[in-house]
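In: here's a sequence, model it:
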Amino acid sequence: MIREAAATDASREMWLFYSNNRPEDAAFLDELQHLADTRSWLHFVPTMTGMATSKRPWHGETRLIDGEMVSRRLSMSGPTYYVAGPPAMVKAMLAMLTSAHIAERDIRTDEFAGY
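Out: Just a heads-up that it's a prediction; the model follows:
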């Protein structure tokens, strides 16, 4: 979705909250950061939750994505939320969003098992 938006020079504001264990495990981390650095409409919030075993330095967020992390950066109501990842993470994000009174019609999910 972000590559398509970049290719068409989207003007719609997008936020990507991107959680991984460590920077060395994060697919597309450098590409996503570059896109965020060069596109004013893209806001990239990566978080690494397993830094105790990382060999790479990290100066960003180090906790799980939660309502406080999201609401500190943008209004919780209004946007469409796309949640993709392992089933347990998708379930947790769906619970977090619905507990923040986000209408289920504004949430899209996609589960990817096995990684």
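
In: can you check the pLDDT for the residue nearest the centre of the chain?
Out: The residue lying closest to the centre of the chain (CA atoms, centre = their mean) is residue 17, at 1.9 Å. On pLDDT, residue 17 comes in at 94.

In: and the host helix or strand of it, what does it pack against?
Out: Applying DSSP states H and E as the criterion places residue 17 in strand 14-20. Contacts defined by 3 or more CB pairs under 8 Å, 6 or more residues apart in numbering; DSSP states H and E place strand 14-20 against helix 2-7, helix 29-38, strand 42-48. Backbone N, C-alpha and C define where each C-beta goes, glycine included.

In: do you know which of these lies nearest residue 110?
Out: Nearest to residue 110, of all the helices and strands packed on strand 14-20, is helix 2-7, at 14.8 Å by CB to CB.

In: buried residues in the closest one, which are they?
Out: Residues 2, 5, 6 are the ones in helix 2-7 that count as buried (16 or more other CB atoms under 10 Å).

In: my guess is the first one contacts residue 35. True?
Out: Yes - counting by CB atoms under 8 Å, residue 2 touches residue 35, with 6.2 Å between them.

In: who touches both of these two?
Out: residue 42 (CB atoms under 8 Å, 6 or more residues apart in numbering).

In: just the buried residues of stretch 20-28, please?
Out: 20, 22, 23, 26.

In: got it, and stretch 55-75?
Out: Buried residues in stretch 55-75 (16+ other CB under 10 Å): 61, 65, 69, 70.

In: which one of those residues is nearest to residue 46?
Out: Nearest to residue 46 among those, with distances taken as CB to CB, is residue 61, at 7.0 Å.

In: got a list of what the residue lying closest to that closest one once chain neighbours are set aside touches?
Out: Nearest non-adjacent residue to residue 61, counting by CB to CB, 6 or more residues apart in numbering: residue 47, 3.6 Å away. Each residue near residue 47 by CB under 8 Å, 6+ apart is listed here: 17, 18, 19, 20, 60, 61, 62, 63, 64, 65, 69.
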